[in-house]
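> model this:
(one chain, ligands or ions: 2)
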Amino acid sequence: MIRFDHVSVRYEDAERPTLSGVDLTVPEGELVLLVGPSGVGKSTLLGTVSGLVPHFTGGRLTGRVTVGGRDTRTHKPRELADLVGTVGQDPLSHFVTATVEDELAYGMESLGLPPDVMRRRVEETLDLLGLAQLRDRPISTLSGGQQQRVAIGSVLTPHPKVLVLDEPTSALDPAAAEEVLAVLQRLVHDLGTTVLMAEHRLERVVQYADQVLLLPSPGAAPVLGPPAEVMAVSPVRPPVVALGRLAGWDPLPLSVRDARRRSAALRERLAHVPVPSPAGPGGAAVTALPPLPPAAPAGILGRLFGRRASPGKAGGPADTAGSGGTRARSGAEAVARVEGMGVRRGRVEALCRITLSVVPGETVALMGRNGAGKSTLLATLVGMLEPTTGSVAVGGLPPARTAPRDMVRRVGLVPQEPRDLLYADTVAAECAAADSDAGAPAGSCRALVSELLPGVPDGTHPRDLSEGQRLALALALVLTARPPLLLLDEPTRGLDYAAKARLVGVLRGLARAGHAIVMATHDVELAAELAHRVVVLADGEVVADGPTARVVVSSPAFAPQTAKILAPREWLTVTQVRTALETAEADPSASAAGPAKGSV
Ligand SMILES: Nc1ncnc2c1ncn2[C@@H]1O[C@H](COP(=O)(O)OP(=O)(O)OP(=O)(O)O)[C@@H](O)[C@H]1O
Ligand SMILES: Nc1ncnc2c1ncn2[C@@H]1O[C@H](COP(=O)(O)OP(=O)(O)OP(=O)(O)O)[C@@H](O)[C@H]1O
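Residues are numbered from 1 along each chain as shown. Ligands and ions are numbered 1, 2, ... in the order given. Now for the predicted structure:
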């Protein structure tokens, strides 16, 4: 159905081609999963199928890509619209109408489908994607995950023969992601739709794939094959595969169910090994933060507060007590304290009766369904939104009523859409501005970008970066300022597993140094790896708040793969299991050991 003949793509001024020698066929009626490290060229490859590359991105395409026999270089994207449905990484750039219902109908209208067919499909899709209650809502008022559902729904309604999806579940909660993948699988099985989909969270998708297409490194020849075979050689792999490789299971499991069936010996081996208790916040390891830096210069204020919904009232309560006084006033040294807080957004009661506090050195994962109120909570902590009822204090001050120049020294937010932080024309200029805004030594921000994700080019416009590269840049910009309270909204979109592991390292270091971190995330593996505590929101209320293992292990939605495989014991990550096995091997007396080496 999709044929690549000797395809190469080279962007202007790039040192080498992003894609080269792609020569393969995606058969009709298969779901092919495209995987590879951040920035390797996955979106570029998808773009050659939808026609966006090179028509909209620039660069030079050589070779030929055909979809259902149509050459994507001679057919503009709109001439492929009846055949190919595309969802890109940024749902907002995708929308053409203002409301949910109109957006779902738009593609069908352009193809001239009869009104009764359109009506029926809109209703079906609203139900399928849990959007029925949002049908009249302006798209601009939806949460990130709700927008992603609309973007997916709008390409499903015209029933295209080919779907090209770039990280379609990146903003979805775990249950919604499963539902969307089940719908896609049904389209593939029942209607013979061909799906080519790029994803980083392989734990969500690999078991649905008929074949996996791996781009191992920039410009390297792709590998296409059965999922288990490709996973055996892939540099990116989900925890279930990493655990299978660690335990020497053959064939490698792709699903939790497969892994559980093979896990008896591993369980036995771990039976007498204590699960390491995660280092909690506080304690000797956490050092006190240095005093707050002097007021931030103006530059960074634009970045952090440029898009605030209710502009900070300049001249709000001054920090007269100084930083030490402020902290003392706030009571038990909490960096953030929320009490009985409610937030109304238009007609929606987005948060209700929220009470929680965050202490220095603590990492909190905010989890919960799409639209539960996670981003809203972060927005109130940074001062972009004001509580309707109750109170919020950060560093002892009410964020929305405090001058941005005072807030910016206390709190930094990496928003769900990292683009909102980026203003300069090049990566180098963004980094230089961040260093100067934060009063950090020149080169600090650039070093952080490279630490998080090697290979991000200095001279590239942030607009042209890959999703993972852009997020790494946004994270580095905020981390350079080292705010005492660091807020991250979905901090792993577009990041490969290695980049995620490096991010975990950086954030752990910050937590040890006394920074408090609150991250809204659907990435259960990240929460398991990093968070001391998980707070679950549902319909704007806190429904669970406790140590990570206790909250996630019992939850089918939030448990990481390792926990599902090894339940009821509370192993959360492959790293924990690896360390335990290595320790047991070094000191067999520490456990009632079975064979230390080889297959377990
Ligand atoms: N329009 C463009 N102009 C110049 N360079 C570009 C452009 N689009 C992408 N690139 C570069 O091409 C490379 C591949 O980007 P691409 O978005 O295809 O990667 P990806 O594998 O999809 O990454 P991610 O997993 O982070 O989404 C990156 O180095 C990126 O900076
Ligand atoms: N500007 C707005 N106007 C009106 N309602 C809004 C606005 N922004 C968000 N909402 C609504 O407030 C609720 C909470 O949204 P929020 O973005 O905080 O959810 P979330 O938990 O971060 O979701 P996601 O996981 O999808 O990012 C949702 O019902 C959403 O539709």
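> give me the three-state assignment for Arg508.
For Arg508, the assignment made with DSSP: H, G, I helix; E, B strand; the rest coil gives helix.
> how near is the residue nearest to it when sequence neighbours are not counted to ligand 2?
Nearest in space to Arg508, with sequence neighbours left out and distances taken as Cβ to Cβ, 6 or more residues apart in numbering, is Leu530 at 6.9 Å. Placement of C-beta: from N, CA and C, glycine included. As judged by Cβ to the nearest ligand atom, to the nearest Å, Leu530 and ligand 2 stand 18 Å apart.
> which residues are in contact with Leu530?
Residues in contact with Leu530 (Cβ atoms under 8 Å, 6 or more residues apart in numbering) are Thr363, Ala365, Val504, Leu507, Arg508, Met519.
> of the residues you listed - the most surrounded one?
Ranked by neighbour count (other Cβ atoms under 10 Å), those have Ala365 at the top, with 29 neighbours.
> identify the residues contacting the helix or strand harbouring that one?
Using DSSP states H and E, Ala365 falls within strand 363-367. With Cβ under 8 Å, 6+ apart as the test, strand 363-367 has contacts from 281, 358, 374, 377-378, 507-508, 511, 516-522, 524, 526-527, 530-537, 548, 558.
> mind listing which of these are in strands?
Of the contacts of strand 363-367, the ones assigned to strands by DSSP state E are Val358, Ala516, Ile517, Val518, Met519, Ala520, Arg533, Val534, Val535, Val536, Leu537.
> rebuild the residues you listed as JSON lines, extending it with pLDDT and distance to Ala447.
Conversion of these to JSON lines gives the following (pLDDT from 0 to 100; distance: Cβ to Cβ, whole Å):
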{"residue": "Val358", "pLDDT": "96", "distance to Ala447": "28"}
{"residue": "Ala516", "pLDDT": "96", "distance to Ala447": "23"}
{"residue": "Ile517", "pLDDT": "96", "distance to Ala447": "20"}
{"residue": "Val518", "pLDDT": "97", "distance to Ala447": "25"}
{"residue": "Met519", "pLDDT": "97", "distance to Ala447": "22"}
{"residue": "Ala520", "pLDDT": "97", "distance to Ala447": "27"}
{"residue": "Arg533", "pLDDT": "95", "distance to Ala447": "30"}
{"residue": "Val534", "pLDDT": "95", "distance to Ala447": "31"}
{"residue": "Val535", "pLDDT": "96", "distance to Ala447": "32"}
{"residue": "Val536", "pLDDT": "95", "distance to Ala447": "36"}
{"residue": "Leu537", "pLDDT": "96", "distance to Ala447": "35"}
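> mind putting those residues in a markdown table, distance to Cys445 included?
Formatted as a markdown table, the ones in strands among the contacts of strand 363-367 follow (distance: Cβ to Cβ, whole Å):
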| residue | distance to Cys445 |
| --- | --- |
| Val358 | 25 |
| Ala516 | 21 |
| Ile517 | 19 |
| Val518 | 22 |
| Met519 | 20 |
| Ala520 | 23 |
| Arg533 | 29 |
| Val534 | 30 |
| Val535 | 30 |
| Val536 | 34 |
| Leu537 | 32 |
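> just the helices from the stretch 101-250 of the chain, written as ranges.
115-128, 144-156, 174-186, 202-205, 227-233, 239-247 (DSSP state H, counting those that start in this stretch).
> between the two ends of stretch 207-223, how far is it?
Start-to-end span of stretch 207-223 (Cα to Cα, to the nearest Å) is 18 Å.
> can you tell if that stretch touches ligand 1?
No. Figure legend: stretch 207-223 not in contact with ligand 1 (Cβ under 6 Å from any ligand atom); closest approach 6.8 Å.
> for the remainder of this discussion, apply numbering that starts at 52.
Got it, first residue is 52 now, which makes that one stretch 258-274.
> list the contacts of stretch 286-303.
By Cβ under 8 Å, 6+ apart, stretch 286-303 touches 86-88, 251-254, 257, 267-268, 279, 282-283, 285, 304-307, 309-310, 313-314, 316-317, 547-549, 576, 611-613, 616, 624-625, 628-629, 632, 649-651.
> my read: Ser205 touches Glu154, true?
Yes. Using Cβ atoms under 8 Å, Ser205 is in contact with Glu154, at 5.0 Å.
> more neighbours: these two, which one.
Between Ser205 and Glu154, counted using other Cβ under 10 Å, Ser205 has the larger neighbour count: 27 against 23.
> near ligand 1, which residues of this protein?
By Cβ under 6 Å from any ligand atom, the part of the chain that sits against ligand 1 consists of 62, 69, 87, 89-95, 108-109, 511, 515-520, 545.
> in PyMOL, how would I select the buried members of the residues you listed?
Buried residues among those (16 or more other Cβ atoms under 10 Å), as a PyMOL selection:
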select buried, resi 62+69+87+89+90+91+92+93+94+95+108+511+515+516+517+518+519+520+545
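> if we can go back for a sec, mean pLDDT added to the helices of the stretch 152-301 of the chain, as a markdown table?
A markdown table is the format used below for the helices of the stretch 152-301 of the chain (pLDDT from 0 to 100):
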| stretch | mean pLDDT |
| --- | --- |
| helix 166-179 | 94 |
| helix 195-207 | 93 |
| helix 225-237 | 91 |
| helix 253-256 | 92 |
| helix 278-284 | 91 |
| helix 290-298 | 93 |
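> which among those is found nearest to ligand 2?
helix 195-207 (2.7 Å; Cβ to the nearest ligand atom).
> how about that closest one and ligand 2, any contact?
Yes. For helix 195-207, a contact with ligand 2 is found by Cβ under 6 Å from any ligand atom, at Gly195, Gly196, Gln197.
> can you give me the buried ones in stretch 471-490?
For stretch 471-490, burial by neighbour count (16+ other Cβ under 10 Å) applies to Leu472, Leu473, Val478, Ala479, Glu481, Cys482, Ala483, Ala484, Ala485, Asp486, Asp488, Ala489.
> give me the subset of these lying in helices.
Per DSSP state H, helices hold the following members of the buried residues of stretch 471-490: Val478, Ala479, Glu481, Cys482, Ala483, Ala484, Ala485, Asp486, Asp488, Ala489.
> my guess is the fifth one contacts Pro492. True?
No. With contacts counted by Cβ under 8 Å, Ala483 stays clear of Pro492, the gap being 11.7 Å.
> state the distance from Gly393 to ligand 2.
From Gly393 to ligand 2 the distance is 12 Å (Cβ to the nearest ligand atom).
> dump the residue contacts of that residue.
Neighbouring residues of Gly393 by Cβ under 8 Å, 6+ apart: Glu400, Leu402, Cys403, Arg404, Ile405, Pro438, Thr439, Thr440, Gly441, Gly591.
> how far away is it from ligand 1?
Gly393 sits 37 Å away from ligand 1, going by Cβ to the nearest ligand atom.
> okay, and the beta partners of that residue?
Thr440 (DSSP bridges).
> can you list the ones in helices among the buried residues of stretch 471-490 in a markdown table and add pLDDT?
Formatted as a markdown table, those follow (pLDDT from 0 to 100):
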| residue | pLDDT |
| --- | --- |
| Val478 | 95 |
| Ala479 | 95 |
| Glu481 | 95 |
| Cys482 | 96 |
| Ala483 | 95 |
| Ala484 | 93 |
| Ala485 | 92 |
| Asp486 | 93 |
| Asp488 | 87 |
| Ala489 | 86 |
